[in-house]
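**Q** I'll drop the sequence and a predicted model, then ask my questions.
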Amino acid sequence: MTYQDTYQKWLDSPALSAGEKAELKAISGDDKEIESRFFAPLEFGTAGLRGTMCVGLHNMNVHVIRHATQAFAEVILAEGPEAVKKGVAVCHDCRNHSREFAEEVCAVMAGNGIPSRIFDALRPTPELSFAIREYGCTAGVNVTASHNPKEYNGYKVYWADGAQLPPHHADAIAKKMGEIDIFDGIKRMDYNEAVKQGLVTIMGAETDEAFLTQVMGQATDKAVVAKVADQFKMVYTPFHGTGYQLIPEALKRLGMKHVLCVPEQMVLDGNFPTVASPNPENPEGFALAVALADKEGADFILGSDPDADRVGLMVRDHTGKFIPLSGNQTGVLLLDYVIGAKKRMGTLPEKATALKTIVTTEMARKVAEVNGVNMFDTFTGFKFMAEKKNALEASGEGKVIFSYEESYGYMMGDYVRDKDAVTAALVATEMAAWYYDRGMTLYDALQELYAKYGDYAEKTLNLVMPGLDGLAKMAKLMADLREKPLTEIAGVAVTRRKDYSTGIEEDLVAGTKSEMELKGSNVLKYKLSDGTDLVVRPSGTEPKVKVYILAQGAGKAECAEKVAKYEAWAETLKG
Ligand SMILES: O=P(O)(O)OC[C@H]1O[C@H](O)[C@H](O)[C@@H](O)[C@@H]1O
């Protein structure tokens, strides 16, 4: 079927409301727009389906939600009656249409005879991961586009361990979607009827309490917080999203007395009216938080993204000015602190292990190894970290105490299998209080880590390539890099090339090839003779190719120089 045929099929379908048809009719002469909405279904990427909210096959709307849920329901049905009985947990964020879409998930599950439990209102992503495990559900669905701009929504799928589905499972849903007609193939029961029949039950305060109890278990040093609580001040922002209740509550239970929440951003709003993008990776979003922190003399700032899986920190530098910490930096601080705190309390387990991704700073490995903790790498995405944690712990090879990605995601404890801004906020605050007690800011703490573990610097370049042309451009960029393998970059020799799609590593110095443990992802990694790692991969959540510069060197100036040099090279890849 061509995209024009698919467009016509949608226009003719009785499943579309008058409003939806009007929206489609309005683009009737715009071939490019029709193609971009109907050329193909959305694909399961790093974090499930993600797309802009409008009527179309390649977008997020009630029809795509029903279609994905019907496919997911069939995957669950194929597991047998026990799996069906255990049902599905459903969650959503603060975005426009998120509640409506989440109720549709329950409606389609019910139409297939699968019970679901849905939160009474929006909740943090980690609480869904927790609820799946807590209630022994077979699966979970979260309607969220995480930190993306307001136009987006998404569909994250989880399995019984509370982790997002690994690729082979997600492929099974995608395959089913290909077999099921998006309109005629859907079995659906009215949501209110499903509630009446007991096929939908509601989760609320009891689940929050059970989750918070687990989160509080990650506090290692409440005494130090109590010691500084009268003076130590922080600012928190949920960026209009789901962190607004549980994060301030967890910080209160930690013993914090001065948590100043940015009032304008405590207002739930899927339009994120006070920020260009609700992503803690973008420091501009912290402007209101910084103004409040300066006015009140706060010591540090913490922000969580709309579904409260990411967390970002702003700290005072040596001049007292607020600067952002990168995800890599926050991660090494947390890792070093968690290991140290567990050692002090005598709770560091045997075979303590940490996880990071292949695009996360090598400084984390150094921190782990210097402290006798093992470090393993995975691909981008917490589904891979969860899989690795499960495998290491099942085999007895290691006990994972901390997992992190440079993209502002941190996971601790055993009660979630996804990144968790609630727990990360708790531990980051305890850490900031601990350093405060030693007369240090987190900025000072970071300098101390560089002095101890060596200087590192990281930068990620986003080569944005939107639309259909963008998809082709991204594919060409990756193909070119494979067809003409690089032997030098910015005048520096490449010593090793890793292609994670084939799993082949080439040692250009020895002239040998070997197989890597990790394979099956469209990622290229280059090791350079000056110690820098460069990684190139298309994003699985946004239309861009990411170039990660992971540098190390003797001193800050050398690191900065390397970053600038490779940044200039990365710019040339834009074409
Ligand atoms: O680099 P991308 O594929 O766009 O993914 C960036 C990030 O997106 C989401 O937040 C995922 O949950 C993360 O695991 C991932 O690191």
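**A** Received the coordinates, thanks.
**Q** so Glu505 sits in a helix?
**A** No: Glu505: not assigned to a helix; according to DSSP: H, G, I helix; E, B strand; the rest coil it is strand.
**Q** Could you find the closest non-adjacent residue to it?
**A** Lys498 (4.7 Å; C-beta to C-beta, 6 or more residues apart in numbering). All C-beta atoms are positioned from the backbone trio N, CA, C, and that covers glycine.
**Q** give me every residue that touches that neighbour.
**A** Lys498 is in contact with 504-506, 516, 523-527, counting by C-beta atoms under 8 Å, 6 or more residues apart in numbering.
**Q** What separation do you get for it and Ser514?
**A** Per C-beta to C-beta, to the nearest Å, Lys498 is found 10 Å from Ser514.
**Q** Ok, Ile549 next?
**A** 25 Å.
**Q** the more surrounded of these two?
**A** Ile549 (22 against 11; other C-beta atoms under 10 Å).
**Q** Show me the protein divided up by domain.
**A** Following automatic domain parsing, the chain resolves into domains at 40-203, 212-453, 455-572.
**Q** Could you export the ones you listed to JSON lines, including columns for mean pLDDT and distance to Lys21?
**A** As requested, the domains of the chain are exported to JSON lines (pLDDT from 0 to 100; distance: least, C-beta to C-beta, whole Å):
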{"stretch": "domain 40-203", "mean pLDDT": "96", "distance to Lys21": "8"}
{"stretch": "domain 212-453", "mean pLDDT": "98", "distance to Lys21": "24"}
{"stretch": "domain 455-572", "mean pLDDT": "96", "distance to Lys21": "24"}
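**Q** Please identify which of those domains is closest to Asp30.
**A** domain 40-203 (12.0 Å; C-beta to C-beta).
**Q** Take the domains of the chain and lay them out in JSON lines including distance to the ligand.
**A** Formatted as JSON lines, the domains of the chain follow (distance: least, C-beta to the nearest ligand atom, whole Å):
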{"stretch": "domain 40-203", "distance to the ligand": "3"}
{"stretch": "domain 212-453", "distance to the ligand": "4"}
{"stretch": "domain 455-572", "distance to the ligand": "3"}
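**Q** The closest residue to Glu515 other than its chain neighbours: what's it in contact with?
**A** Of all residues not flanking Glu515 in the chain, Gly503 sits nearest, at 5.6 Å (C-beta to C-beta, 6+ apart). By C-beta under 8 Å, 6+ apart, the contact set of Gly503 is 515-520.
**Q** Among the residues you listed, which are located in strands?
**A** Of the positions in these, Glu515 sit in strands, assigned by DSSP state E.
**Q** now the strands for the stretch 1-150 of the chain?
**A** 49-52, 88-92, 116-119, 139-143 (DSSP state E, counting those that start in this stretch).
**Q** doesn't the residue nearest to Glu505 fall inside a helix?
**A** No: according to three-state DSSP, Lys498 belongs to no helix; its state is strand.
**Q** still on that earlier bit, and for Lys498 and Ser514, which residues touch both?
**A** 504-505.
**Q** Neighbour count for the contacts of Lys498 - can I get that in TSV?
**A** TSV is the format used below for the contacts of Lys498 (neighbours: other C-beta atoms under 10 Å):
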residue	neighbour count
Ile504	14
Glu505	18
Glu506	17
Met516	15
Val523	23
Leu524	19
Lys525	20
Tyr526	23
Lys527	20
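**Q** Reformat these as a markdown table; add distance to Lys399.
**A** Below are the contacts of Lys498 laid out as a markdown table (distance: C-beta to C-beta, whole Å):
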| residue | distance to Lys399 |
| --- | --- |
| Ile504 | 32 |
| Glu505 | 28 |
| Glu506 | 34 |
| Met516 | 25 |
| Val523 | 28 |
| Leu524 | 33 |
| Lys525 | 28 |
| Tyr526 | 33 |
| Lys527 | 30 |
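**Q** what's the next secondary structure element after the longest helix anywhere in the chain?
**A** Scanning the chain for the longest helix, with DSSP state H as the assignment, gives helix 327-345. Per DSSP states H and E, the first helix or strand lying C-terminal to helix 327-345 is strand 352-357.
**Q** Give me the residues contacting that following strand.
**A** For strand 352-357, using C-beta under 8 Å, 6+ apart, the contacting residues are 331, 335, 339, 342, 364-365, 368, 372-381, 384-385, 388-389, 392, 397-406.
**Q** Just the buried residues of that strand, please?
**A** 352-357 (16 or more other C-beta atoms under 10 Å).
**Q** thinking again about what came up before, between the domains of the chain, which one is closest to Asp5.
**A** Ranking the domains of the chain by proximity to Asp5 (C-beta to C-beta) places domain 40-203 first, at 11.2 Å.
**Q** how distant is that closest one from the center of its chain?
**A** 18 Å (C-alpha atoms, centre = their mean, to the nearest Å).
**Q** same deal with stretch 528-540?
**A** On C-alpha atoms, centre = their mean, the centre of stretch 528-540 falls 20 Å from the chain's centre.
**Q** Can I get that stretch in CSV, CA atoms only?
**A** What follows is stretch 528-540, C-alpha atoms only, in CSV (Å, rounded to 0.1, in the frame of the first residue of the first chain):
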residue,chain,number,x,y,z
LEU,A,528,42.1,7.3,19.0
SER,A,529,45.9,7.3,19.7
ASP,A,530,45.4,10.3,22.1
GLY,A,531,43.1,8.2,24.4
THR,A,532,39.9,9.8,23.1
ASP,A,533,36.8,7.6,22.3
LEU,A,534,34.4,8.9,19.6
VAL,A,535,31.1,7.2,19.2
VAL,A,536,28.6,7.8,16.3
ARG,A,537,25.0,6.5,16.4
PRO,A,538,21.6,7.5,15.3
SER,A,539,19.3,8.4,18.2
GLY,A,540,16.5,5.9,18.9
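**Q** Buried residues of it, list them for me.
**A** Result for stretch 528-540 [16+ other C-beta under 10 Å]: buried residues 528, 530-540.
**Q** ok, and what's touching that stretch?
**A** 45-47, 358-359, 362, 380-381, 462, 474, 477-478, 481, 489, 492-495, 521-527, 544-553, 562, 566, 570, 573.
**Q** burial count for Ala276?
**A** 11.
**Q** ok, it touching Pro283?
**A** No: counting by C-beta atoms under 8 Å, Ala276 sits too far from Pro283 to count as a contact (11.3 Å).
**Q** Tell me how far Pro81 lies from Lys484.
**A** On the measure of C-beta to C-beta, Pro81 and Lys484 end up 55 Å apart.
**Q** actually Gln265, not the one I typed
**A** 47 Å.
**Q** neighbour count winner among those two?
**A** Gln265 (27 against 8).
**Q** need the contact list for the nearest residue to that one once chain neighbours are set aside.
**A** Counting by C-beta to C-beta, 6+ apart, Gln265 lies nearest to Thr237, which is 4.5 Å off, once chain neighbours are set aside. Going by C-beta under 8 Å, 6+ apart, Thr237 touches 261-262, 265-266, 286, 288-289, 301-304.
**Q** if you set the cut-off to 10 Å instead, what comes out?
**A** Shown in contact with Thr237 (C-beta atoms under 10 Å, 6 or more residues apart in numbering): 243-244, 247, 260-266, 274-275, 278, 280, 285-286, 288-289, 292, 301-304, 312, 314.
**Q** Name the residues linked to it by a beta bridge.
**A** Gly303 (DSSP bridges).
**Q** Please, which helix or strand holds Ala219?
**A** Assigned by DSSP H and E, Ala219 belongs to no helix or strand.
**Q** Can you report how many residues lie near it?
**A** 18.
**Q** What are the phi and psi values at it?
**A** phi -70, psi 130 (degrees, to the nearest 10).
**Q** Would you map the strands across the stretch 351-500 of the chain?
**A** So, for the stretch 351-500 of the chain - with DSSP E, counting those that start in this stretch - the strands run 352-357, 374-378, 399-405, 409-411, 455-464, 488-489, 492-499.
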